[in-house]
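# For reference, the sequence and a predicted model appear below.
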Amino acid sequence: MISSKDRYVFKSLANPVLECNIISDVRKNDTNKIVAEAVFQKCDDSNANGHKFPKRVLMAAVNEIAGEVESRHLVGELDHPDDINDVNRIATISLKNVSHVITKLAMDGNYVVGRFETIDTPNGNILATLLREKLKVGVSIRAITDQDISYGLDSVDTINEFTLITYDAVHNPAYSDAYVKSIVSSCYKLPNNNYVIPENVNSDKLITVTASELQDIIESVIQGVARKFKK
């Protein structure tokens, strides 16, 4: 539960520009997954909400949440929660609304950059489809702060303290830079039956394949089926 002390919430509002480069796209009846990279946030620059995040503050937030990223516990939702006045909801991840897991979050100069994977949930599949179709999708911070902040460019609030909850997938992130830069890969889980899986592949884990690796897998499958019919 959030303390009774007043909390303020910030979320996003701006139009992104999406440049999407699909490296591999595998569509199977089994698990589908998109891995994407994006600029998550920009330091020391006022966003469309009139909020400015100093680099030292963002760096501290990224370092503080590093363990969550490493343990694959930092998940985000498709769109921000509807009611920004419900601070308990803002501070809580709704598992039924989860669409992606953030697997990398780091500072790169004046930017927070990261990588996320879509999850095989209804919202995750929607997000994966949007990315494949090259729709404008961005990432946006969800956080709470004790500061008295306003929304809009009439006055710029420098955020000196906040608690980072997550980064959600949205249509309109607060920074024009916070769009998906590229789709790193599409992943899927190889089924255990009817496929010949290379010896060095752990079939219990999701794997990323390039176009050439996929061709090798397909050829292995064909050879396996051919051997089966020869028996």
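Sure thing, it's come through. The structure displayed is predicted, hence computed values, not measured ones.
# Lowest mean pLDDT among the helices and strands, pick that one out for the chain.
When the helices and strands of the chain are scored by mean pLDDT, DSSP states H and E, strand 180-188 comes last with a mean of 45.
# which residues in this protein form strands?
Remark: strands assigned in the chain by DSSP state E are 8-10, 32-42, 51-52, 75-77, 98-108, 111-118, 138-145, 157-158, 163-170, 180-188, 207-208.
# Could you dump the ones you listed into CSV with mean neighbour count and distance to Ile84 added?
In this view, the C-beta of every residue, glycine as well, is placed from N, C-alpha and C. Formatted as CSV, those follow (neighbours: other CB atoms under 10 Å; distance: least, CB to CB, whole Å):
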stretch, mean neighbour count, distance to Ile84
strand 8-10, 22, 5
strand 32-42, 23, 18
strand 51-52, 21, 13
strand 75-77, 24, 13
strand 98-108, 18, 19
strand 111-118, 22, 21
strand 138-145, 24, 9
strand 157-158, 16, 15
strand 163-170, 23, 12
strand 180-188, 20, 24
strand 207-208, 16, 36
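# and Arg56, how many neighbours does it have?
Other residues within reach of Arg56, judged by other CB atoms under 10 Å, total 11.
# Which parts of the protein belong to which domain?
Per automatic domain parsing, the structural domains of the chain span 8-188, 191-231.
# Could you identify which of those has the lowest mean pLDDT?
Out of the domains of the chain, domain 191-231 stands lowest, with a mean of 54 (criterion: mean pLDDT).
# check contacts around Leu127.
Taking CB atoms under 8 Å, 6 or more residues apart in numbering, we find Leu127 in contact with 34, 78, 99-100, 118, 137, 169.
# For Leu130, give its distance to Val87.
Computed as CB to CB, to the nearest Å, the Leu130 to Val87 distance reads 28 Å.
# out of those two, which sits in the busier spot?
Leu130 (21 against 17).
# And the residue lying closest to Ile159 once chain neighbours are set aside, its phi and psi?
Distance criterion CB to CB, 6 or more residues apart in numbering; nearest residue to Ile159, sequence neighbours excluded, is Phe53 at 5.2 Å. Backbone torsions for Phe53, taken as degrees, to the nearest 10, come to phi -110, psi 110.
# give the contact list for Phe53.
Counting by CB under 8 Å, 6+ apart, Phe53 touches 41-44, 158-159.
# Likewise for Glu77?
93-94, 97-99, 123, 166, 168-169.
# Let's see that with 7 Å instead.
93-94, 97-99, 123, 168 (CB atoms under 7 Å, 6 or more residues apart in numbering).
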